[in-house]
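Participant: Sequence first, predicted model second:
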Amino acid sequence: MLCYCCIFVPKFVCSLWSCFPSFTRHGPIGPAMASPQFLELTRQLLHPPTHPQYVISLYTALLSIRRCLNLEAGANQQGYEGALSVEAMCQAWTLLAEIGMLIMGAGLGGESGPDWARGISADVERAISEGLKLSLSSKTSLRPFWVHLTSLHAHLALWQHNVKFSRAILKRLQGSLTKYDPPSIHYSVLLAWHANLLAPVPSYSSAPAASTSPLPSLSPSDIYSALQITHDLHIMARQHGPGHDIVVQLALVLRLRTLARAEMWHARRNENPGAGDSVATFLAYCEAALHLPFDAPSMPEVAQLPPITIQLQLHTLIIGVLYFTLTGNADQASRRLTRLYVVLDESPQDTEAYLKIGLPDQPPLIVQTTHPRVLYELAFLISSVSKRDLVGRKPRRKIFAEEGLKMANSPNENVICAFDLSALSNPWLTKAVIVPMWASLGDAREVEDRLAKMKADFLCENASIAIIRNEFERAKQHIDTLIAHTRTYSIFPLYASRITLLHAHLAHATARHSRALACYRAAAHLDANDTPQPPQPASSSTTPAGPQNTSRTGGFVRVAARAGEVGLLLGMRAQRRYGERATSDKGKVPEMDDGALDVMAQEVAEECKLFPGALASVGKLIEAVLSSEIVRAKQRLKASLDIASAALDNHLRALVITLTSAHYVHTASDHAKIMLDTARQLAAGMGAPLDKEAQQRSDQPPELGNAPLGLWVGERFEELYLRQGNAQRAHEQRRVNDALRQAVRILPSRGPP
């Protein structure tokens with residue numbers, strides 16, 4: 001989910017114009033006045049990328065600046081170029097480079113682009129070269145132009161896939177800065193270098209399309225270089241004194257985001273708790289610096305904080321919720337989620353996703369932040385993901401997922417559109433269409449791409465919720481919509497493994513075992529091929545204890561798919577051994593040798609240990625099933641139950657309690673009854689209707705929750721009642737079991753065709 005939050009990058013494309021006096025607009029338009037007028041006209045012609053005439057504005061602005069610089073074909077060589085001062089000439093070349101970069105960012109500079117935009121990269125290179133010559137040769141102070149043009153040069157080199165050259169430019173620029181340069185320039189160069197290290201290499205030879213592959217894996221050298229830059233930024237800001245405290249906070253959040261981007265969630269062995277080399281060790285330090293002490297009786301009011309601090313708090317809280325959800329700590333995740341709602345509701349409604357950091361007696365530092373619409377939808381998404389409990393009539397996880405999907409389906413979801421003045425009454429919808437003036441069309445499409453991916457995540461979440469709550473018809477609708485949506489936005493390869501896993505879970509829940517096995521294996525294969533491998537630590541003596549050590553097992557989806565396959569095979573083997581009811585397609589499922597299945601299950605259990613939270617609990621569960629010793633099996637079931645209970649995952653908790661009760665049915669019936677009664681309540685709650693009236697309607701099928709689990713529990717209750725001689729209770733339980741058995745019998749008809 002971290003791909004939705006953009007990394008803070010400096011934006012000083014248009015801020016330089018405030019450093020120079022404006023040109024006069026009075027008097028006759030002659031050669032001495034026309035060129036400044038052309039410069040001003042060029043700026044006025046540019047529109048934001050969400051404007052319907054954005055491409056036309058780029059064309060007219062390019063014509064204007066070329067005329068100003070006498071670059072038009074057939075232009076008079078005695079034109080307006082001589083009327084410009086050195087500062088104005090440097091301004092003009094910089095403006096040409098920026099317009100050219102905007103054209104390239106819109107995907108118009110390739111062979112398939114319009115005639116007027118082809119070869120624009122050559123114009124950008126010439127503009128950067130001429131501007132750098134003027135800024136270095138002038139006797140006046142044009143150093144801000146030199147810094148800005150050098151940064152543009154590095155950005156252009158990155159777009160041209162010359163990564164090493166791009167980073168060499170920024171490194172040389174950083175080494176050329178002196179103590180006399182404003183702190184904002186030092187900060188901007190460090191931020192640009194940091195973004196360069198973590199950003200994927202785009203291609204703007206043609207129209208940019210949505211990303212169809214996961215974020216590329218980062219090399220260890222890039223990660224540790226980025227971490228070192230955040231450290232340098234932190235030290236530099238502290239050296240400048242109290243007036244730069246916000247930059248200190250920015251450096252801390254950048255380091256936290258870098259650790260999360262690199263999937264360095266957990267501490268390495270023998271790591272110093274204050275080293276800050278993992279999210280686990282650095283999160284608390286970052287929260288304290290941002291005045292987020294969750295154990296304190298009160299926290300500062302949001303209205304009293306600067307806007308940039310509020311943004312930093314939002315990013316820190318989001319990462320904190322994700323981390324504690326990943327590790328299965330529902331209490332800590334809930335605390336941060338509650339604070340996130342407060343900060344998000346009371347935050348100022350900045351609509352252009354950029355903020356100014358004021359520095360004492362110095363030019364401000366302008367940073368680009370995550371778009372407010374992205375943050376708002378992301379808050380709904382992580383709220384749904386962090387709420388694991390789905391038992392009851394109105395579980396909060398389901399409410400957040402449905403409301404988030406409604407927001408994603410709003411008319412203003414697409415940010416590449418004209419301004420809709422009627423949407424101004426809704427501030428959050430307004431935020432979905434406003435981007436900074438200097439943003440490129442690629443930046444706007446990036447926001448659209450993030451919104452499209454979040455809608456796909458909402459559909460995945462709603463489908464999984466429907467499967468857990470045994471609403472299979474609704475689950476099929478969500479999966480079909482998910483496939484159509486991902487194909488529309490060309491992001492299907494990103495979600496292929498997850499969609500296949502959802503199909504596997506749906507088939508498994510509806511007793512379509514042959515289809516479930518095929519989908520489980522396909523999902524594991526897809527995720528193993530598509531998941532980029534996270535970086536390994538530089539030292540082999542300190543092995544991470546988290547997902548970053550999954551060089552062979554692939555991603556979370558692969559391990560989850562293999563765990564589902566093993567669980568299904570173990571259940572089918574138990575049915576064969578104990579002569580229980582056969583599945584509807586038993587003959588279509590090839591039987592697996594017991595020895596090979598045990599080896600496979602043990603491998604999957606070891607893989608599950610690499611992931612905290614739900615998969616760790618599943619791994620303990622598999623080990624308990626494989627264990628031949630009752631005491632050891634009970635110990636592993638207890639460990640699995642502790643993990644599921646800490647995460648408030650009642651779906652997994654019901655399964656663990658049910659398996660645990662099987663060890664007590666014949667030895668401690670009273671204790672077994674307590675566990676079975678708890679499991680029965682949880683099974684019935686996973687599918688409870690919205691209201692009691694709907695449950696009592698004769699024209700509606702009865703809602704029985706998780707029928708297979710409820711039937712197994714009901715059969716154990718029937719055995720206990722018969723053993724105790726309670727014939728009446730046994731007869732009543734038998735009637736309930738008959739209804740559950742009928743519900744289980746029709747499960748295959750409710751699944752996919």
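Facilitator: Nice, thanks for sending it over.
Participant: Quick check: what element follows the lowest-mean-pLDDT helix or strand in the chain along the chain?
Facilitator: Of all the helices and strands that make up the chain, helix 427-431 has the lowest average by mean pLDDT, DSSP states H and E, namely a mean of 40. Once helix 427-431 ends, the next helix or strand along the chain (criterion: DSSP states H and E) is helix 441-468.
Participant: Against which helices or strands is that next one packed?
Facilitator: Helices and strands touching helix 441-468, by 3 or more CB pairs under 8 Å, 6 or more residues apart in numbering; DSSP states H and E, are helix 86-105, helix 372-386, helix 396-408, helix 472-488, helix 492-509. The way it works is simple: take the backbone N, C-alpha and C, and place the C-beta from them, glycine included.
Participant: need the strands for the protein, in chain order.
Facilitator: With DSSP state E as the criterion, the chain has strands at 9-10, 354-359, 362-368.
Participant: and residue 190, which of those strands is closest to it?
Facilitator: In terms of CB to CB, the element of the strands of the chain nearest to residue 190 is strand 9-10, at 8.7 Å.
Participant: Residue 436 and residue 48: what is the separation?
Facilitator: Here residue 436 is placed at a distance of 7 Å from residue 48 (CB to CB, to the nearest Å).
Participant: Over to residue 602?
Facilitator: 58 Å.
Participant: Looking at these two, which is more packed in?
Facilitator: residue 48 (19 against 14; other CB atoms under 10 Å).
Participant: which residues touch the more buried one?
Facilitator: The neighbours of residue 48, taking CB atoms under 8 Å, 6 or more residues apart in numbering as the test, are 54, 434-437, 439.
Participant: switch the cut-off to 7 Å
Facilitator: Residue 48 makes contact with 435, 437, 439 under the criterion CB atoms under 7 Å, 6 or more residues apart in numbering.
Participant: quick check, nearest of those to residue 560?
Facilitator: residue 435 (36.8 Å).
Participant: residues near residue 437, how many?
Facilitator: Neighbours around residue 437, by other CB under 10 Å: 14.
Participant: and the protein, what are its domains?
Facilitator: 1-22+29-203, 217-369, 371-468, 490-537+548-611, 629-690+701-753 (automatic domain parsing).
Participant: Out of the ones you listed, which is closest to residue 620?
Facilitator: Closest approach to residue 620 among the domains of the chain (CB to CB): domain 629-690+701-753, 3.8 Å.
Participant: Now do the closest one: distance to the chain's middle.
Facilitator: Taking CA atoms, centre = their mean, to the nearest Å, the mean C-alpha location of domain 629-690+701-753 is offset from the chain mean by 36 Å.
Participant: and the gap between residue 283 and residue 265?
Facilitator: Residue 283 is 10 Å from residue 265, by CB to CB.
Participant: Apologies, that question was intended for residue 51.
Facilitator: According to CB to CB, residue 51 and residue 265 sit 41 Å apart.
Participant: neighbour-wise, which of these two wins?
Facilitator: Between residue 51 and residue 265, residue 265 has the larger neighbour count (other CB under 10 Å), namely 23 against 15.
Participant: Which stretches in the stretch 101-250 of the chain count as helices?
Facilitator: Along the stretch 101-250 of the chain, the segments classed as helices by DSSP state H, counting those that start in this stretch run 120-137, 143-159, 163-176, 183-198, 220-239, 245-261.
Participant: Buried residues, the first one. List them.
Facilitator: Under the neighbour-count criterion of 16 or more other CB atoms under 10 Å, helix 120-137 has 120-121, 123-128, 130-132, 134-135 buried.
Participant: now these in JSON lines, with distance to residue 632 and pLDDT?
Facilitator: Formatted as JSON lines, the buried residues of helix 120-137 follow (distance: CB to CB, whole Å; pLDDT from 0 to 100):
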{"residue": "120", "distance to residue 632": "69", "pLDDT": "91"}
{"residue": "121", "distance to residue 632": "66", "pLDDT": "91"}
{"residue": "123", "distance to residue 632": "72", "pLDDT": "92"}
{"residue": "124", "distance to residue 632": "68", "pLDDT": "94"}
{"residue": "125", "distance to residue 632": "69", "pLDDT": "94"}
{"residue": "126", "distance to residue 632": "74", "pLDDT": "94"}
{"residue": "127", "distance to residue 632": "72", "pLDDT": "94"}
{"residue": "128", "distance to residue 632": "69", "pLDDT": "95"}
{"residue": "130", "distance to residue 632": "76", "pLDDT": "92"}
{"residue": "131", "distance to residue 632": "73", "pLDDT": "92"}
{"residue": "132", "distance to residue 632": "71", "pLDDT": "93"}
{"residue": "134", "distance to residue 632": "77", "pLDDT": "89"}
{"residue": "135", "distance to residue 632": "73", "pLDDT": "89"}
